[in-house]
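Asker: The following comprises the amino acid sequence and a computationally predicted model.
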Amino acid sequence: MLERIYKAQKLMDAACKKLGRQINIMEVCGTHTVSIFRHGIKSTLPKGIKLLSGPGCPVCVTNQSYIDSVLELAGRDDYLIATYGDMIRVPGKGGSLETKQTKVNVKVVLSSEDALQLAKDNPDKTIVFVAVGFETTTPATAVVIKEAAAENIDNFCILSGHKLVVPAMRALLSDKNNNIDGFLCPGHVSVIIGYGAFGEIVEDFGRPCVVAGFEPLQIIEGLGEICQQLAADKPELKSIYTAVVTKKGNTAAQKIIDECFEPANGYWRGLGMIEKSTLKLRDKYSRFDAFKRFDITEIPGEDASGCRCGEVLCGLVEPPECGLFEKSCTPDTPVGPCMVSSEGACAAWFKYGGNRTAGNQDGRV
Amino acid sequence: MCLAIPARIVELEKDNAVVDAMGNRYRAKTTLLPEVKLGDMVLIHAGFAISLVDEEEARQTWQLLAEIAEFDQTPDKISG
């Protein structure tokens, strides 16, 4: 194993020397972010390699007006809000779902199936499922939409906050000031969409895209592969997470997503409106669409005063550059979603100390 | 949030399964993986099997998850 790490480190060293400048690699997956911090991977990298945590945490990228809409619905006695635990502490207008949970109408579910079951068990209530997540999570929502339609469970609806990873990567690269040299692509999103889906990033923007798993060796080898491509000036599409990722992905899951959802323009925290980057229910399932049922319109969101989550998500600043970090904003008293979610870059910096112990970059605290 | 956990299918009826991950058993749906069979090792995400996975990969992931769980028991901040 050590030999493989040394080999990847040599590739990174060689790329730094060849390019003669800092190399910026972005991971677009919250699980990668946690693994990178958890294993101290930054401290093993050459000085010239900088890792940026991109918009890979679904909770973090969810637009503030979506959060506020959920909180507003949670205030109604005839509704039951079903949410994944990840969303429960995100602050918004008048508190968070956690503070509203003292009321009995907010339920944490582990699966979309549990949310649908709540609808079956509570026929006198309307169940609103807070459907967030990237392509990994979307098929689970689609399955229950079809089930609800087949069984005519009309007291069930979803507020779709589902998002697509590739349009966000395109949006980041379309900003002329971006400094991203390559992407460590998400492992489990790729299980669904297939690593072939990142081909357009390589072709249209000339950036290496490498899918890796979550073990430290996979991540380090993925970074090595990206650097090798950069040194050779041959950006390519590659997956080294061969245990579960194929080029085509899970076609059954893709089919069910497509049956239920269509891409729509939508808002992201930090990135603003991105064309065809979110998923809305198709017309034939519109009776389960909470946006339509409650006449909710998404508006561009604004971060809480002083919170720089938006810039963190674009890789423009690191969490310690935010004036609130570790002061008013901590995991116990989060101001922004990147501190709320355990997968958020701010929470990871707080918990694992960033790379300050290693002092391999600028030693910023 | 895209975390997926390897688990073995120990019961299967249509697309309703019971899976075993590190000794914990829970219900999961196999709707997204129609070809799955009893005894297969699969990745479970949010209650759904999303992919087949080999034994070695599963073992490594379980080890990683156990390490993270152990680390999460530690206080919220490492001095440094």
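Answerer: That came through fine.

Asker: got a list of what the residue in chain B positioned nearest to chain A touches?
Answerer: Going by C-beta to the nearest C-beta, chain A is nearest to residue B:47 of chain B, at 2.7 Å. C-beta here means a position set from N, CA and C on the backbone, and glycine is covered the same way. Residue B:47 sits next to A:110-114, A:140, B:27-29 when contact means C-beta atoms under 8 Å, 6 or more residues apart in numbering or on different chains.

Asker: For the residue lying closest to it once chain neighbours are set aside, grab the count of nearby residues.
Answerer: Leaving aside its sequence neighbours, residue B:47 sits nearest to residue A:111 (C-beta to C-beta, 6 or more residues apart in numbering or on different chains; 2.7 Å). Around residue A:111 there are 22 other residues, counting by other C-beta atoms under 10 Å in any protein chain shown.

Asker: what do you get for residue A:17?
Answerer: 11.

Asker: CA atoms only: put whichever strand or helix holds it into PDB for me.
Answerer: Assigned by DSSP states H and E, residue A:17 belongs to helix A:2-19. Below are the C-alpha coordinates for helix A:2-19, written out as PDB (Å, rounded to 0.1, in the frame of the first residue of the first chain):
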ATOM      1  CA  LEU A   2       2.800   2.400   0.900                       C
ATOM      2  CA  GLU A   3       4.400   1.900  -2.500                       C
ATOM      3  CA  ARG A   4       1.100   3.000  -4.200                       C
ATOM      4  CA  ILE A   5       1.000   6.100  -2.000                       C
ATOM      5  CA  TYR A   6       4.600   6.900  -2.800                       C
ATOM      6  CA  LYS A   7       3.900   6.500  -6.500                       C
ATOM      7  CA  ALA A   8       0.900   8.900  -6.400                       C
ATOM      8  CA  GLN A   9       3.000  11.400  -4.400                       C
ATOM      9  CA  LYS A  10       5.700  11.200  -7.000                       C
ATOM     10  CA  LEU A  11       3.100  11.900  -9.800                       C
ATOM     11  CA  MET A  12       1.900  14.900  -7.800                       C
ATOM     12  CA  ASP A  13       5.500  16.200  -7.200                       C
ATOM     13  CA  ALA A  14       6.300  15.800 -10.900                       C
ATOM     14  CA  ALA A  15       3.200  17.700 -11.900                       C
ATOM     15  CA  CYS A  16       3.900  20.600  -9.500                       C
ATOM     16  CA  LYS A  17       7.500  20.800 -11.000                       C
ATOM     17  CA  LYS A  18       6.300  20.600 -14.600                       C
ATOM     18  CA  LEU A  19       3.600  23.200 -14.200                       C
END
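
Asker: same for the worst-scoring helix or strand of chain B on mean pLDDT, what does it pack against?
Answerer: Lowest mean confidence among the helices and strands of chain B (mean pLDDT, DSSP states H and E): helix B:55-72, at a mean of 79. On a contact count with 3 or more C-beta pairs under 8 Å, 6 or more residues apart in numbering or on different chains; DSSP states H and E, helix B:55-72 meets helix A:30-38, strand B:5-13.

Asker: Next, the angle from it to strand B:5-13.
Answerer: For helix B:55-72 against strand B:5-13, the angle by axes from the mean of the first three to the mean of the last three C-alpha atoms, to 10 degrees is 120 degrees.

Asker: got a list of contacts for helix B:55-72?
Answerer: If you take C-beta under 8 Å, 6+ apart as the criterion, helix B:55-72 is touched by A:34-35, A:38, A:213-215, A:243-244, B:5-6, B:21-22, B:41, B:53.

Asker: tell me the two of the residues you listed that are most distant?
Answerer: The span of the contacts of helix B:55-72, defined through C-beta to C-beta, is set by A:38 and B:41 at 24.0 Å.
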